[in-house]
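Asks: 3D, please:
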Amino acid sequence: MADTAMSGSGTAWGDDPLQRAIWRLRSRGCWTDAAELLTDRADQPGPALQRTALLVERCLFTGQGWPEAEDALRAAEALARNDDERGAAACERGHLAYAATVLGVRDRADEARSALGRAAALLTPGCRARPLLDFRRGLVAEFLADDPQSARPAYRRAHAGATAHGDTLLLSFTWRHLAGLALRDGELAEARHGFTESLRIREELGFLVGTAPALAALAEAEPEPEAARLRAEALRLFRLLGGVPTWLAAQLAPSRI
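Replies: Predicted coordinates for the structure are as follows:
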């Protein structure tokens, strides 16, 4: 199952008390509460888009909240005033369609590709939103088209862009997915390095809801008994967060611990 990213905005960086509060809630899987903090500003393009991203991320991690995410997305699309804002909204539409498809809710693969293609046409090269778009196009290539050869350059562009823009959280996702491709190719040392970097970043940022998937991913590249120890720690966090992300349950089944 894919591990996906939204914008790095809302992390603990910076001096904005609102963004710090949003990050604390989001990092613990409290997306609804985080989105609620933006309700009073939801008539502005930026906050409306951030609220949408939080609700879409909730869909991906929990498999719930699809109508609320759709409503928030339509509102953000209506508020977009320029190409960058319209492109960012299209990127979120592509992400929501991808989530519905990969979780088996409804096949929206064509919509995901179309929306991300529209975002690519609207977002200017070098803008801050571009690395996230590249990452999501990699996800579509890998998990919807089963085309890892096309996914790899998209992930690499996203990785370079996240590095350039200082989007550390997105780097944790690009590290993980590049490592996943390395694992598919049997490159264990490269895979282990990428998974370790992804886990390190998430632990340093306090991205608790993303730590169990990172532990489980690293376990795939480690020998026993280290792999079992990592899965056991992932299971502990998974239970602590009430079984989120829901798609991790199969990977942490007792028979694998």
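Asks: can you pull the contacts of residue 142?
Replies: 2, 148, 151, 177, 181 (Cβ atoms under 8 Å, 6 or more residues apart in numbering). No exception for glycine: its C-beta is placed from N, CA and C like everyone else's.
Asks: got those as JSON lines, with secondary structure columns?
Replies: Converted to JSON lines, the contacts of residue 142 look like this (DSSP: H, G, I helix; E, B strand; the rest coil):
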{"residue": "2", "secondary structure": "coil"}
{"residue": "148", "secondary structure": "helix"}
{"residue": "151", "secondary structure": "helix"}
{"residue": "177", "secondary structure": "helix"}
{"residue": "181", "secondary structure": "helix"}
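Asks: could I get these as a markdown table with pLDDT, distance to residue 110 and neighbour count?
Replies: Shown next, in a markdown table, are those (pLDDT from 0 to 100; distance: Cβ to Cβ, whole Å; neighbours: other Cβ atoms under 10 Å):
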| residue | pLDDT | distance to residue 110 | neighbour count |
| --- | --- | --- | --- |
| 2 | 58 | 18 | 22 |
| 148 | 96 | 20 | 17 |
| 151 | 98 | 18 | 23 |
| 177 | 98 | 22 | 28 |
| 181 | 98 | 24 | 20 |
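Asks: okay, buried residues for the helix ranked longest in the chain please.
Replies: Looking across the chain with DSSP state H, the single longest helix is helix 83-102. Of the residues in helix 83-102, 84-102 count as buried by neighbour count, 16 or more other Cβ atoms under 10 Å.
Asks: now do stretch 67-79
Replies: Neighbour count says stretch 67-79 has 68-70, 72-73, 75-77, 79 buried, by 16+ other Cβ under 10 Å.
Asks: ok, of those residues, which one's closest to residue 136?
Replies: Here the nearest of the buried residues of stretch 67-79 to residue 136, counting by Cβ to Cβ, is residue 73; it sits at 14.4 Å.
Asks: using the three-state scheme, assign that closest one.
Replies: Under three-state DSSP, residue 73 falls in the helix class.
Asks: next one: phi and psi at the residue nearest to it when sequence neighbours are not counted?
Replies: Excluding the flanking residues, the one nearest residue 73 by Cβ to Cβ, 6 or more residues apart in numbering is residue 52, at 4.9 Å. Taking degrees, to the nearest 10, you get phi -60, psi -50 for the backbone angles of residue 52.
Asks: shouldn't residue 144 be in contact with residue 99?
Replies: No: if you go by Cβ atoms under 8 Å, residue 144 and residue 99 don't touch, sitting 11.0 Å apart.
Asks: does residue 247 touch residue 103 like I think?
Replies: Yes: Residue 247 lies in contact with residue 103 (Cβ under 8 Å); the separation is 6.9 Å.
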